[in-house]
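Enquirer: Have a look; sequence and predicted model below, questions after that.
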Amino acid sequence: MGNKRGVFSVKSAYYIALPIVENSEVGECSGGDSRICLWKQVWQLQLPAKVRIFAWRACLDGLPTRLNLAKKGLIVEAECPLYEKATESTSHAFIYCDKLCEVWWNWQGCPINLLAENLCLLDLALKILDAGSSADLETLFATAWAIWWAEPPPEIYKINVDGATAGIRSRSTVGVAIRDSRGVVVAAACIVLNGDYGATVTEAFAVDEGIRLAMEMELHQIIAESDSIGVVDDFNECNCNGEFGMVIQGSLELLRFFRSWKVRYLKRDYNRAAHELAHIAKTNGSSQQWKGMEPPMIRHVLLLELNVNSIFFALSFPFSVLYCMPIST
């Protein structure tokens, strides 16, 4: 396979492959492989080229989900960072993760029951094409693209918090890292509390300190993330009973001054920056704060977390926000 000089090139291979492909497409929709019809529809969708390429890769399971990265030996854990009971496959990352249910429930004109059974993205696209139209495929792939790539609105800030219990004759400490929609740190703190508290109480104080730092920064829309599921549940249920009820109550009073807020659970593996800051305070025995800059001693951790935060930040927003985001060409 080569040119007139007998030298191989991509161009020569293209001219050999082109008639083979064209011959295979004759009578394509009457054949047994329905995927050929799907590919033809995908390339003709009224979407930017980058979204069509994304759709093709997603259907072929060619995106770097945690499951695919684990298969290649690039990471150890394939579990979803937002819902640890499931593996982050392509279909889970775009459709079946519990954090995405609100997105797809708001697709009122969906031609199939999208969440009825756990199918791969290719099979879902084939079912939608069979029951609906190319416009439905555009909705599916444009929304999936927004989940994967689109940045959330710039006025939303994410607060990661963690606590460290005290040693002998020491005080508990907390760490706080606040990021913008790009995953860039805009403020951080490592704080020594005024007493020796249990693990859960310390985690509740960590959320409280994160909220207070956000108020100092005059931020108005926040998402606070903690790796203590008990504390997260109590915040979301406004439960002010129990050993840290007074902390929850005080935090809820502060949250009244924000335009929007959410407290959610995040696995410890994805909360390393706040974890490191809490332990720095524990080691040094003093509080520190950074505004408009990142703590230099944890820069390596922040770089590792940057991609994770930018990818999964978008999952905090409902369908109406995601789907109305412009897709630039």
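Expert: Arrived safely.

Enquirer: Return the residues in contact with S286.
Expert: Residues near S286 by C-beta atoms under 8 Å, 6 or more residues apart in numbering: V192. To be clear about C-beta, it is placed using only N, CA and C from the backbone, and glycine gets the same treatment.

Enquirer: hmm, try it at 10 Å
Expert: By C-beta atoms under 10 Å, 6 or more residues apart in numbering, S286 lies in contact with T173, C190, I191, V192, I280.

Enquirer: Helix, strand or coil: sort out the residue nearest to the last one when sequence neighbours are not counted for me.
Expert: To tie it back to what came earlier, the one meant is I280. Among residues not flanking I280 along the chain, C190 sits closest, at 4.8 Å (C-beta to C-beta, 6 or more residues apart in numbering). At C190, secondary structure determined by DSSP: H, G, I helix; E, B strand; the rest coil is strand.

Enquirer: let's number from 44 now, not from 1
Expert: Got it, first residue is 44 now, which makes that one C233.

Enquirer: So C233 is in contact with V204, correct?
Expert: No - C233 lies out of contact with V204 (C-beta atoms under 10 Å); the separation is 11.1 Å.

Enquirer: Looking at the two, which one has more neighbours?
Expert: Each of C233 and V204 has its neighbours counted (other C-beta atoms under 10 Å); V204 has more, 33 against 29.

Enquirer: That one falls within a strand, correct?
Expert: Yes - checked against three-state DSSP, V204 lies within a strand.

Enquirer: could you measure it against F287, distance?
Expert: To F287, V204 is 14 Å away according to C-beta to C-beta, to the nearest Å.

Enquirer: For these two, list the residues in contact with both.
Expert: Counting by C-beta under 10 Å, 6+ apart, the shared contacts of V204 and F287 are E246, A247, F248, V250, D251, V274.

Enquirer: can you tell me which of the residues you listed are in helices?
Expert: Among these, the ones falling in helices (DSSP state H) are E246, A247, F248, V250, D251, V274.

Enquirer: S132: which of these is nearest?
Expert: Of all these, V274 has the smallest distance to S132: 29.6 Å, by C-beta to C-beta.

Enquirer: and the closest one, what does it touch?
Expert: V274 sits next to 204, 206, 242-251, 267, 287, 290-291, 294, 306, 308 when contact means C-beta under 10 Å, 6+ apart.

Enquirer: So how do I select the buried members of those in PyMOL?
Expert: The buried subset of the contacts of V274, as determined by 16 or more other C-beta atoms under 10 Å, is captured in PyMOL by this line:
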select buried, resi 204+206+243+244+245+246+247+248+249+250+251+267+287+290+291+294+306+308
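
Enquirer: Return the member of the shared contacts of V204 and F287 nearest to R315.
Expert: Proximity of these to R315 (C-beta to C-beta) peaks at E246, which lies at 15.5 Å.

Enquirer: buried residues in stretch 305-325?
Expert: Neighbour-count burial for stretch 305-325 flags 305-310, 313-321, 323-325 (criterion: 16+ other C-beta under 10 Å).

Enquirer: swap in stretch 274-292?
Expert: Across stretch 274-292, burial judged by 16+ other C-beta under 10 Å covers V274, V275, D277, F278, F287, V290, I291.

Enquirer: The closest residue to F137 other than its chain neighbours is in what secondary structure piece?
Expert: In space, and not counting its chain neighbours, F137 is closest to A187: 4.5 Å by C-beta to C-beta, 6+ apart. Assigning secondary structure by DSSP states H and E places A187 in helix 177-192.

Enquirer: Dump that helix to CSV, keeping only the CA atoms.
Expert: Output in CSV follows, covering the C-alpha atoms of helix 177-192 (Å, rounded to 0.1, in the frame of the first residue of the first chain):
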residue,chain,number,x,y,z
SER,A,177,-32.6,13.2,14.7
ALA,A,178,-33.7,16.1,16.9
ASP,A,179,-33.9,13.7,19.8
LEU,A,180,-30.4,12.5,19.1
GLU,A,181,-29.3,16.1,19.2
THR,A,182,-30.8,16.6,22.6
LEU,A,183,-29.2,13.4,23.9
PHE,A,184,-25.7,14.2,22.7
ALA,A,185,-25.8,18.0,23.3
THR,A,186,-26.8,17.4,26.9
ALA,A,187,-24.2,14.6,27.4
TRP,A,188,-21.5,17.0,25.9
ALA,A,189,-22.6,19.7,28.4
ILE,A,190,-22.3,17.2,31.3
TRP,A,191,-18.8,16.2,30.2
TRP,A,192,-17.3,19.5,29.1
